[in-house]
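Participant: Sequence and predicted structure are below.
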Amino acid sequence: MRQVVIYPGENGYWIAECPSLPGCISQAETKQELVSNIKEAIEGYIIALEEDGLPVPDEHFEALVLVV
């Protein structure tokens with residue numbers, strides 16, 4: 001299970017980032033497509049770490065939403 005942050009990009013696409021996996025980012029035209037894309041990106045990221053013998057970072061959930 002991984003925390004994912006999504007937000008609209010400048011080009012009309014949606015962007016998703018997985019903070020616990022630095023550089024694990026994806027984009028898509030719709031939120032539905034974005035969910036599929038980021039799941040695939042996370043899976044690929046973890047597989048690459050394991051293949052390289054590198055540790056997979058733990059996930060620590062903590063969220064804070066601020067209205068400014």
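Facilitator: Looks like it arrived, so ask away.

Participant: Let me see the ranges of the strands in this structure.
Facilitator: Secondary structure of the chain (DSSP state E): strands located at 5-8, 14-17, 25-28.

Participant: could I get the last one in CSV with only the CA atoms?
Facilitator: This file holds the C-alpha atoms of strand 25-28, laid out as CSV (Å, rounded to 0.1, in the frame of the first residue of the first chain):
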residue,chain,number,x,y,z
ILE,A,25,5.6,10.1,-11.0
SER,A,26,3.0,9.5,-13.7
GLN,A,27,0.4,11.5,-15.7
ALA,A,28,-2.7,10.9,-17.7
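
Participant: Okay, buried residues for it please.
Facilitator: 26-28 (16 or more other C-beta atoms under 10 Å). In this view, the C-beta of every residue, glycine as well, is placed from N, C-alpha and C.

Participant: what's the closest of the residues you listed to Gly44?
Facilitator: Ser26 (10.1 Å; C-beta to C-beta).
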